[in-house]
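Engineer: Got a sequence here, can you build the structure:
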Amino acid sequence: MINKIVSSAEDAVSGIFDGATVMIGGFGEAGSPVELIHALIDQGAKNLTIVSNNAGSGHVGLAALIENRQVKKIICSFPRTAISVVFPELYRKGEIELELVPQGTLAERIRAGGAGIPAFYTPTSVHTSLSEEKEQRDFNGKPAVLEYAIQADFSLVKCLKADKYGNLTYNKTARNFGPVMCMAAKTAIVQARQIVEPGVIDPEHVVTPGIFVHRVVEISNPADESKLVAEKIRYHEIK
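Structural biologist: So this is what the prediction gives:
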């Protein structure tokens, strides 16, 4: 068995290269791996393609990564919310690309990528602008659109507990995209609130098996992104 623990968030994100595709977990602010994202800002990789449910909030986490001009394209479902201010401004200026994907389709494209399924058909987006120039077929008289799997070079994920072999559990809805993103990335990087000894996590409670995880760093007191956004904190202010 391989010990997946690394000593710091900086070590965890080392090797993320310019032009990489990076999946980032989180459902809004729930499950957002803030410390890993901030370490990636410090690391400096540019021209990234980000795959995430949304485009960040306030001026921390993913929004800060975008604001630092390290992201050339984002593939997401919710690029704009009441608390997303960075992405909409850059998009209007033509300084960032967007591939808009319905949420269920996004989750399935990532799951398919992790399962080795190259593509699938879905009725979601039929007769909308999102289906333009995509292959379509009828199944039992109902049209469906062909969608391709998404894989990534890296994924950044937040979990509740991990052991040194990379077995993970999550905290309620903070689980969201984490399991499928670990499966669909060549290198899955995880921040855990607590690292426990092997055997402490009941095998029946393991959500992500260690075979899908490559690096784990313990962040025992992770930032609360919702609180940071509410207090209008910027990334450089929590350095």
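
Engineer: in stretch 112-131, what counts as buried?
Structural biologist: Residues of stretch 112-131 classed as buried: 112, 113, 114, 120, 122, 124, 125, 130, 131 (neighbour count, 16 or more other C-beta atoms under 10 Å). C-beta coordinates here come from the backbone N, C-alpha and C atoms, glycine included.

Engineer: Inside helices: which ones of these?
Structural biologist: The members of those that map onto helices under DSSP state H are 112, 113, 114.

Engineer: sorry, back to before: now flag whichever of the buried residues of stretch 112-131 is closest to residue 22.
Structural biologist: Closest approach to residue 22 among those (C-beta to C-beta): residue 113, at 13.5 Å.

Engineer: before we move on, back to that, got the ones in helices among the buried residues of stretch 112-131 as a markdown table, with distance to residue 89 and pLDDT columns?
Structural biologist: Output for those, formatted as a markdown table (distance: C-beta to C-beta, whole Å; pLDDT from 0 to 100):
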| residue | distance to residue 89 | pLDDT |
| --- | --- | --- |
| 112 | 33 | 98 |
| 113 | 30 | 98 |
| 114 | 33 | 98 |
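
Engineer: any chance you could map the strands in the protein?
Structural biologist: Assigned by DSSP state E, the strands in the chain fall at 21-24, 48-51, 71-76, 97-100, 119-122, 136-139, 142-148, 152-163, 168-169, 185-196, 215-218.

Engineer: Could you export those as CSV, including distance to residue 88 and mean pLDDT?
Structural biologist: As requested, these are exported to CSV (distance: least, C-beta to C-beta, whole Å; pLDDT from 0 to 100):
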stretch, distance to residue 88, mean pLDDT
strand 21-24, 18, 98
strand 48-51, 15, 98
strand 71-76, 12, 98
strand 97-100, 10, 97
strand 119-122, 27, 98
strand 136-139, 31, 97
strand 142-148, 25, 98
strand 152-163, 23, 98
strand 168-169, 33, 98
strand 185-196, 27, 98
strand 215-218, 32, 98
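
Engineer: circling back to that earlier point, adding distance to residue 166, write the buried residues of stretch 112-131 out as JSON lines.
Structural biologist: Putting the buried residues of stretch 112-131 into JSON lines (distance: C-beta to C-beta, whole Å) gives the following:
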{"residue": "112", "distance to residue 166": "22"}
{"residue": "113", "distance to residue 166": "19"}
{"residue": "114", "distance to residue 166": "15"}
{"residue": "120", "distance to residue 166": "28"}
{"residue": "122", "distance to residue 166": "31"}
{"residue": "124", "distance to residue 166": "33"}
{"residue": "125", "distance to residue 166": "35"}
{"residue": "130", "distance to residue 166": "35"}
{"residue": "131", "distance to residue 166": "38"}
